[in-house]
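Visitor: Turn this into a structure:
(one chain, ligands or ions: 2)
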Amino acid sequence: MGKTITIAPVTRLEGHAKVTIELDDAGNVADAMCQIVELRGFEKFCIGRPVEELPRITTSICGVCPWSHHLASAKACDVVFGVEPPPAGRKLRELCNAIAFCEEHILHFFFLAGPDFVMGPDADYSVRNVIGIAQTNPEIGKKVVRSRWLGAHLLHVVSGKSIHPVTAVPGGFSKPLTQKERDEILPMAEEMLEFAKFAISFAKESLFPKYLDAVKTIGVITTGFLGTVTDEGGLNLYDGKARLMKPDGSYEEFEYKDYTDYIAEHIEPWTYLKFPYAKKWGNFSMDLDNPVGIYRTNTLARINVCDKIDTPLANQELAEFRENFGRPAQQTLLYNWARLIELLYNAELVVQLLNDPEITSRETRVPVKPRAARGVGCTEAPRGTLIHDYETDENGMITDCNLIVGTTHNNGPINMSVKQAATSLIKDGKYDQGILNRVEMAIRAYDPCLSCATHKLDGTIPVKIEIRNAAGEVIDTLSS
Ligand code: NI
Ligand code: MG
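Guide: Residues are numbered from 1 along each chain as shown. Ligands and ions are numbered 1, 2, ... in the order given. Predicted coordinates:
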């Protein structure tokens, strides 16, 4: 008889997911899926709100990624109001984005993914966590905690609040940075840069070489990639053009306001999370041998699509990464390596922006007036390309709202990587905790933020209620 293996909840990621692996009679994998079992629904209840409230409301989607929502939302508002923030307003937003990226990438690498590499994928789960890292490497533990504090403190000084911020406003940034504040935090930013340099050399010397076989096998799939680049093809996380790359490395570029010409969303009845896909590539398919329309976002995608990185140390790391793994690199666990390259880039960028004389200008915002319009705001969030799309009436009230969150783009790829990992690791019904953890590693590499990712609440995703008897048998099904 076939059998179902369930991993619930999947641990060391943000939010709640359940993996279901179905085995056939011979004990080999017949199917596997990653189900998202929570629902946020912001797209619906933002309707009817004044658009200028959205940069504050949408930060509540997630305590981990509030800065990304805050900035994408403020950018969408700029377009709705038809204004452009002054240079210092834009630079303060970019500064906060870069600091938040440092915090997020440190959180993911050391707290969520790192234990699999430091303690090993087969280590007992009681020690395979950040406490285990701190116990075996107290010096590293101290550095990690200190660098997380630095990130929160920098954001606190620049914007008054590190979580659920309020300072990015339509038309700019509400709080100018004083010379005194800049002088206080510049040495801290330099300390963060030292930590970023340490993190990537530590991983390259002590962690990744041990796992090159795992990198070549766990969760590997072949897909396209989406990321944001400058006009010169440089990596940019705050603004730019979308570059959509096919698996063969060829690409096309588009303005984010035109995203619906390139991206469509597929729906499956068994999850609240939609499946965006590249619609010009054909009809969505997650078939492992012949996927259609599948592209990935987040660190590996951005490192693949950009031609260069505009800070010197990260650009050197990009060249070395490409020499080792080619372009586009497809191995899923390389997301972790790419994450450390981006950590370094952001740490360099924070120092660069704080040294920019314009950052302390008092001209940080322009006034705005409500009007009927549509505005698409897009940033690269730590977890992938984030799109906020609003429509307003003449009083500036929201009439329509669509969010596509970084993790949502990776829904198809995560499911494919889970299936690939399960299929290659589970044979003849044999598996253990180490094998199931390797399936989880394939998900963790994408650093999904699931509370961010589920927003559709308009009847296009059916809600199904199963009524079961005491024996667990389904006796009735109600559906919307
Ligand atoms: Ni989030
Ligand atoms: Mg949406």
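Visitor: Next, the residue in the stretch 101-250 of the chain that ligand 2 sits nearest to: secondary structure please.
Guide: Per C-beta to the ion, residue 226 is where the stretch 101-250 of the chain lies closest to ligand 2, at 15.3 Å. The C-beta positions use only the backbone N, C-alpha and C, and glycine is treated the same way. Assigned state for residue 226: strand (three-state reduction, DSSP: H, G, I helix; E, B strand; the rest coil).
Visitor: Identify the bridge partners of it.
Guide: residue 244 (DSSP bridges).
Visitor: Quick check: residues of the stretch 351-480 of the chain near ligand 1?
Guide: 449, 452 (C-beta under 5 Å from the ion).
Visitor: let's see 6 Å
Guide: 449, 451-452 (C-beta under 6 Å from the ion).
Visitor: and the residues you listed as TSV, adding neighbour count and distance to residue 416?
Guide: Compiled in TSV, these are given as follows (neighbours: other C-beta atoms under 10 Å; distance: C-beta to C-beta, whole Å):
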residue	neighbour count	distance to residue 416
449	25	19
451	20	22
452	28	20
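Visitor: ranges for the helices of the stretch 251-400 of the chain?
Guide: 259-262, 299-305, 312-325, 334-354 (DSSP state H, counting those that start in this stretch).
Visitor: just to confirm, which helix or strand has residue 192 in it?
Guide: Residue 192 belongs to helix 179-202 when assigned by DSSP states H and E.
Visitor: between that helix and helix 312-325, what angle do the directions make?
Guide: Put simply, helix 179-202 runs at 20 degrees to helix 312-325, going by axes from the mean of the first three to the mean of the last three C-alpha atoms, to 10 degrees.
Visitor: by contact count, what packs against helix 179-202?
Guide: helix 87-106, helix 138-159, helix 334-354 (3 or more C-beta pairs under 8 Å, 6 or more residues apart in numbering; DSSP states H and E).
Visitor: Would you mind listing what in the stretch 151-300 of the chain touches ligand 1?
Guide: Residues of the stretch 151-300 of the chain found near ligand 1 (C-beta under 6 Å from the ion): none.
Visitor: Not counting its neighbours along the chain, what's nearest the residue minimising distance to the centre of the chain?
Guide: The centroid of the chain falls nearest to residue 383 when counting by C-alpha atoms, centre = their mean (0.6 Å). Counting by C-beta to C-beta, 6 or more residues apart in numbering, residue 383 lies nearest to residue 406, which is 3.6 Å off, once chain neighbours are set aside.
Visitor: So what's the residue count around residue 434?
Guide: For residue 434, the neighbour count with other C-beta atoms under 10 Å is 13.
Visitor: ah, wrong one, I meant residue 31
Guide: By other C-beta under 10 Å, the residues close to residue 31 number 13.
Visitor: now swap in residue 469 and tell me
Guide: Neighbourhood size, residue 469 [other C-beta under 10 Å]: 9.
Visitor: how near is the closest residue to ligand 1 within the stretch 151-300 of the chain to residue 368?
Guide: Ligand 1 sits closest to residue 163 of the stretch 151-300 of the chain, with a gap of 11.6 Å, by C-beta to the ion. Relative to residue 368, residue 163 is positioned 26 Å away (C-beta to C-beta, to the nearest Å).
Visitor: Which of these two has more residues huddled nearby?
Guide: More neighbours surround residue 368 than the other of residue 163 and residue 368, with 19 against 14 (other C-beta under 10 Å).
Visitor: In contact with that one: list those residues for me.
Guide: By C-beta atoms under 8 Å, 6 or more residues apart in numbering, the contact set of residue 368 is 52, 77, 81, 83, 170-171.
Visitor: Among those residues, which lie within helices?
Guide: Judged by DSSP state H, the contacts of residue 368 include 77, 81 as members of helices.
Visitor: Export the contacts of residue 368 as a markdown table, with columns for distance to residue 16.
Guide: Listed next are these as a markdown table, based on distance: C-beta to C-beta, whole Å:
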| residue | distance to residue 16 |
| --- | --- |
| 52 | 32 |
| 77 | 31 |
| 81 | 37 |
| 83 | 39 |
| 170 | 34 |
| 171 | 37 |
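Visitor: Rebuild the residues of the stretch 351-480 of the chain next to ligand 1 as JSON lines, extending it with secondary structure and pLDDT.
Guide: Output for these, formatted as JSON lines (DSSP: H, G, I helix; E, B strand; the rest coil; pLDDT from 0 to 100):
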{"residue": "449", "secondary structure": "strand", "pLDDT": "86"}
{"residue": "451", "secondary structure": "helix", "pLDDT": "76"}
{"residue": "452", "secondary structure": "helix", "pLDDT": "79"}
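Visitor: Just the closest of those to residue 274, please.
Guide: Lowest distance from residue 274 to these (C-beta to C-beta) belongs to residue 452, with 12.9 Å.
Visitor: ok, now which ones touch that closest one?
Guide: Counting by C-beta under 8 Å, 6+ apart, residue 452 touches 14-15, 40, 61-62, 64-65, 69, 383, 405-407.
Visitor: From these, which one has the minimum pLDDT?
Guide: Among those, residue 40 has the lowest pLDDT, at 70.
Visitor: Can you classify that one by secondary structure?
Guide: Recorded secondary structure, residue 40: coil (three-state DSSP).
Visitor: Surely it touches residue 449?
Guide: No. Counting by C-beta atoms under 8 Å, residue 40 does not reach residue 449; the two are 10.9 Å apart.
Visitor: about what we covered before: need the residues of the stretch 351-480 of the chain next to ligand 1 in TSV (columns: distance to ligand 2).
Guide: Shown next, in TSV, are those (distance: C-beta to the ion, whole Å):
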residue	distance to ligand 2
449	15
451	15
452	11
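Visitor: Based on its surroundings, how many neighbours for residue 347?
Guide: 32.
Visitor: Not counting residues beside it along the chain, what's closest to residue 385?
Guide: For residue 385, ignoring the flanking residues on the chain, the nearest one in space by C-beta to C-beta, 6+ apart is residue 297 at 4.7 Å.
Visitor: What about the residue nearest to residue 140 when sequence neighbours are not counted, how many residues nearby?
Guide: Closest residue to residue 140 apart from its sequence neighbours, by C-beta to C-beta, 6+ apart: residue 133 at 6.6 Å. When neighbours are defined as other C-beta under 10 Å, residue 133 has 21 of them.
Visitor: With the one 10 residues further on instead?
Guide: Other residues near residue 143 number 19, with proximity taken as other C-beta under 10 Å.
Visitor: isn't residue 18 right up against residue 35?
Guide: Yes. Contact criterion C-beta under 8 Å: residue 18 and residue 35 qualify, at 4.8 Å.
Visitor: Settle it for me: which of the two has more neighbours?
Guide: Applying other C-beta under 10 Å to residue 18 and residue 35 shows that residue 35 carries more neighbours, namely 18 against 15.
Visitor: Next, give phi and psi for that one.
Guide: When read as degrees, to the nearest 10, the backbone of residue 35 gives phi -100, psi 140.
Visitor: And it, how close does it get to residue 15?
Guide: For residue 35, the distance to residue 15 equals 12 Å [C-beta to C-beta].
Visitor: Next: residue 122.
Guide: Distance from residue 122 to residue 15, counting by C-beta to C-beta: 26 Å.
Visitor: wait, what's in contact with the residue nearest to residue 385?
Guide: Contacts here follow C-beta under 8 Å, 6+ apart; on that basis residue 297 touches 225-227, 383-385, 406, 409-410.
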